[in-house]
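>>> Task: produce atomic coordinates for the following.
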Amino acid sequence: MASMAAKVVASYLDSKELHYQMLDEEETCMRVGMNLDNTRIDIYLFFEEDNHDVHIVGRNFIKVPEDKLEKMYKVVNQQNKTYRWMKFTVNEDKGEVEVEDDAIIQLDTCGDEAFELIARMSNIVDEAYPDLMKALWA
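Numbering: from 1, shown residues only. Here you go, the predicted structure:
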């Protein structure tokens, strides 16, 4: 079943000329690619059937070689202390750092809310990226 919240967000992103891609036939998951100052990120939005919450995951902005994964945990913990709006994690299976957020949304304002969350995640990742890279290659 198509998510009404996803449709509202898609319409809002269209109005902002922000490109996205629906990733499933049910239209409950979309991907937004963002080019940042320091890196690029794919932001995935997963909408629940009740149209009241969204899970957001940022991926593909930093790859971590297997021998450096352990080192990233300390840096990721520091990022979680610094940026309270998002949670950084180390995904060992994919060999990357990810960032995620969960939000309660309202159907009549979810376009603006999702846009704000995408912008906030992008800004936080862009700010955190130099510290992550420094830890990776120091």
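
>>> the helices in this structure, which residues?
For the chain, the helices identified by DSSP state H occupy 4-15, 69-82, 110-137, in order along the chain.

>>> residue closest to the middle of the chain?
Centrality entry for the chain: nearest residue to the mean C-alpha point is G58, 2.7 Å, by C-alpha atoms, centre = their mean.

>>> re earlier: same list (the helices of the chain) but as TSV, adding mean neighbour count, mean pLDDT and distance to I104.
Backbone N, C-alpha and C define where each C-beta goes, glycine included. Converted to TSV, the helices of the chain look like this (neighbours: other C-beta atoms under 10 Å; pLDDT from 0 to 100; distance: least, C-beta to C-beta, whole Å):
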stretch	mean neighbour count	mean pLDDT	distance to I104
helix 4-15	18	95	11
helix 69-82	15	93	21
helix 110-137	18	95	9
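
>>> Rebuild the ones you listed as a markdown table, extending it with distance to M22.
Formatted as a markdown table, the entries for the helices of the chain read as follows, by distance: least, C-beta to C-beta, whole Å:
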| stretch | distance to M22 |
| --- | --- |
| helix 4-15 | 7 |
| helix 69-82 | 30 |
| helix 110-137 | 14 |
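
>>> Let me know which of those is the nearest to T28.
For these, proximity to T28 was assessed by C-beta to C-beta; helix 4-15 is nearest, at 5.9 Å.

>>> Check which helices and strands the closest one sits against.
Contacting helix 4-15 under the criterion 3 or more C-beta pairs under 8 Å, 6 or more residues apart in numbering; DSSP states H and E are the following elements: strand 29-35, strand 40-47, helix 110-137.

>>> Now with 10 Å, please.
In this structure, helix 4-15 packs against strand 21-22, strand 29-35, strand 40-47, strand 53-59, helix 110-137, with contacts taken as 3 or more C-beta pairs under 10 Å, 6 or more residues apart in numbering; DSSP states H and E.
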